[in-house]
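In: Based on what follows, work out the 3D shape:
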Amino acid sequence: MAEVQLPEAPSRARVNEFAIKLANVNGTGSASTNNLLMQTIFRMGVPVSGKNLFPSNIQGLPTWYEVRVSQSGHTARTASFDLMVAMNGQTYQQDIEEVASGGYLVYDDSWPLNPEMRRPDITFLGAPLAQLCAQRFTTVKERILMKNVATAGLVAALLALPLEELSKQLVAAYSRRPQLLEDNQAALELGYRYALDNFSCPLPFHVEQMGAPDGRILIDGNTAVALGAVFAGATVGAWYPITPATSVMENFVRLCAQYRRHPGPDGREAHDYLILQAEDELAALGIVVGASWAGARAFTSTSGPGLSLMQELLGLAYYTEVPAVLVDVQRAGPSTGMPTRVQQADLFSAAFASHGDTRHILLFPSDPRECFLHTVQAFDLAERFQTPVLVMSDLDIGMNDWEVPELTWDDSYRPDRGRLLGTEELERLEHFWRYGDPDLQWTTPRAVPGETPRAGHLVRGSGHDLRALYTERPDEYQEVVDRLLRKHQAAATHLPPPVVELREGAPFGVISMGSCDLAVREALEEFPGPAPSYLRITGYPFPPAVAEFIEAHTHCYVVEQNRDAQLRSLLLIETGAGGERLRPVLSYGGLPITASFIRDRILEQESPQ
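Out: Here you go, the predicted model:
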């Protein structure tokens, strides 16, 4: 029998503007049903986002999935939920506390709910989902899995999601497994019909069709990175598995198997790629450096702990001027930290990776579309400037589905190999000095060993002169490392340009990067009075526009997801701005940053008590 406890604070009617959170147990199959709901909302043309908050173990601990629906396009994470679907008795207290006043909580009343947990200002909707599934399905495994599908059906009815659209997705997923399809359809209808028969459907907040999602797709950043690597012409990938970066190379494997196979001269299938799972992260980057030195476009993917292990070889690639691309899907540290939580805390270890004086090129994508574009640019930049380039993604972008414009491609694209000399060019040279004859960007000619006998040359991580010969003379050593610094500085104007939005009468500026972007934009819309200006950093080293933005404002707030204000510190080092002009706004608890957090932290500093 359904239980409905009505609240003292009624919910306000809203269409296509709400947030829900689904609480479950990791390893019970809830991920596919969560995705079913989000995909259905997306196909109704309504802007939507999903955040998967899962533990770092395999099974048994609490997991949550947050869905935000916003016809106004505000799809950053929110901390306020209108509907909580509480299917994990271990987290009932926490889940109930997170429901907004006037909101709703769905729970399985096959078991009683502790009366002390009830709140008078929200509606409790009890449904005997476990009992319903026990009556319909026979095995324990079926009952656990199908309860999630029945829950999805119940939520779909509450939110006015069309049953036929959910059914289409089940057919697409399970058409080759008739019995599984039949069970899923039965469970879906079980929950859907129960909600219609026992609750007032739809809820005051629900979904209405807004048309087709023309020109938009749902994609995660790790998949987008893999696509970018394929389109950029990468032929070598080396990696060691690590959360949250593992699916970068898994997707690269899948895409190469699909698009990089062709008939060989003997009629058998051939392929033009090599992907190696190394014994550790140090070896993975070693493979990349070696393959790049030999002329291939090569990359690796990792996260913070792996980046720590790669420091020595990043220094080698920097000093020997060997191209390399590294994708860092950042997570919460230090040490093992929280592998399934997000931070932007690898800036220092990436920008200055290795001992000695090193500076690396960093790119900061803000969503999966930019993950695709920046990955392609990373390969071009690595070869143009003959240096490692790091794509600084994070767990939120990498592992969650984001709604972005369709990825497009220019078929006229040709890889920028930089000053890579061919056979004819080498034959015309009287001498080939690997580190001599710098151009206006301070890069020197390079060659692929084996191209011709004249392409043979030494590279060494010890002190060397412009001919790549060993030296310990101060003037010869300094000539090389000073040129490396000038080359790094010259790269600034070749990176993706920063996003600069100057507003007349702006009381201050806001600076951010990466996945903070959507939350910052939403927060800026909520400030009273004139809107602040906005600068989104897209790469390091910083171009002149960054210092100009800081100089144009009395003060700026630097919004980032780490404890130590690493972006702010880089800005202070590189621009020479006074510390009082750059004020930190820091979120580092591991959950994606919200607009309300940004707004409140800035207002606290603008209007101190």
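In: where's the closest residue to Val288 other than its chain neighbours relative to Leu362, distance?
Out: Distance criterion CB to CB, 6 or more residues apart in numbering; nearest residue to Val288, sequence neighbours excluded, is Ala298 at 4.4 Å. Any C-beta I mention is one placed from the backbone N, CA and C, and that applies to glycine too. Distance from Ala298 to Leu362, counting by CB to CB, to the nearest Å: 19 Å.
In: go on, Leu395?
Out: To Leu362, Leu395 is 17 Å away according to CB to CB.
In: Can you list the low-confidence ranges for the stretch 301-450 of the chain?
Out: By pLDDT under 70, the stretch 301-450 of the chain has no low-scoring segment.
In: Domain ranges for this structure, per the record?
Out: 3-206, 219-405, 423-493, 499-606 (automatic domain parsing).
In: wait, which of these is closest to Pro415?
Out: Among these, domain 219-405 comes nearest to Pro415, with 5.2 Å by CB to CB.
In: and the end-to-end length of that closest one?
Out: 10 Å (CA to CA, to the nearest Å).
In: Same question for stretch 200-207.
Out: End residues of stretch 200-207 are separated by 15 Å (CA to CA).
In: and what of stretch 349-358?
Out: 11 Å.
In: Name the residues of it that are buried.
Out: Ser349, Ala350, Ala351, Phe352, Ala353, Ser354, Thr358 (16 or more other CB atoms under 10 Å).
In: I'd like to know which elements the one helix or strand Asp396 maps to is packed against.
Out: Assessed by DSSP states H and E, Asp396 sits inside helix 395-399. Under the contact criterion of 3 or more CB pairs under 8 Å, 6 or more residues apart in numbering; DSSP states H and E, helix 395-399 touches strand 216-220, helix 221-232, helix 246-259, strand 324-330, helix 368-385.
In: Can you lay out these as a markdown table showing mean neighbour count and distance to Leu586?
Out: Formatted as a markdown table, those follow (neighbours: other CB atoms under 10 Å; distance: least, CB to CB, whole Å):
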| stretch | mean neighbour count | distance to Leu586 |
| --- | --- | --- |
| strand 216-220 | 18 | 26 |
| helix 221-232 | 26 | 23 |
| helix 246-259 | 19 | 27 |
| strand 324-330 | 30 | 15 |
| helix 368-385 | 25 | 23 |
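In: how deep is Leu309 tucked in, by neighbour count?
Out: 16 (other CB atoms under 10 Å).
In: Please name the nearest non-neighbouring residue to it.
Out: Glu281 (4.3 Å).
In: same deal with Val376?
Out: Excluding its sequence neighbours, the residue lying closest to Val376 (CB to CB, 6+ apart) is Ala232, at 4.4 Å.
In: thinking the one you found is in contact with Ala298, fair?
Out: No: with contact defined as CB atoms under 8 Å, Ala232 does not reach Ala298; the gap is 11.0 Å.
In: Show the low-confidence segments of the protein, by residue range.
Out: Low-confidence segments of the chain, defined by pLDDT under 70: 1-12, 58-59, 608-609.
In: can you rerun that using 80?
Out: Counting by pLDDT under 80, the chain shows low-confidence ranges at 1-13, 57-60, 608-609.
In: and the gap between the residue positioned nearest the centre of it and Val48?
Out: Central residue check for the chain by CA atoms, centre = their mean: the C-alpha nearest the mean position is that of Ile397, 1.8 Å away. Separation of Ile397 from Val48 (CB to CB): 16 Å.
In: My understanding was that Leu36 contacts Leu166; is that so?
Out: Yes: using CB under 8 Å, Leu36 is in contact with Leu166, at 6.1 Å.
In: what touches both of these two?
Out: Ala152 (CB atoms under 8 Å, 6 or more residues apart in numbering).
In: tell me the SS of the residue nearest to His355 when sequence neighbours are not counted?
Out: The spatial neighbour of His355 that comes closest, neighbours along the chain excluded (CB to CB, 6+ apart), is Gly315 at 6.5 Å. Three-state assignment for Gly315 (DSSP: H, G, I helix; E, B strand; the rest coil): helix.
In: for Thr358, same thing?
Out: coil.
In: What's the local residue count around the closest residue to it other than its chain neighbours?
Out: In this structure, Thr358 finds its nearest non-sequential neighbour in Tyr318, 5.0 Å apart by CB to CB, 6+ apart. When counting by other CB under 10 Å, one arrives at 24 neighbours for Tyr318.
In: I'd guessed Tyr318 sits against His360; true?
Out: Yes: using CB under 8 Å, Tyr318 is in contact with His360, at 6.6 Å.
In: Identify the contacts common to those two.
Out: Residues touching both Tyr318 and His360 (CB under 8 Å, 6+ apart) are Ala353, Thr387, Pro388.
In: can you tell me which of the residues you listed lies nearest to Leu582?
Out: After measuring these against Leu582 - CB to CB - the closest member comes out as Ala353, at 23.8 Å.
In: Nice, that's everything, thank you.
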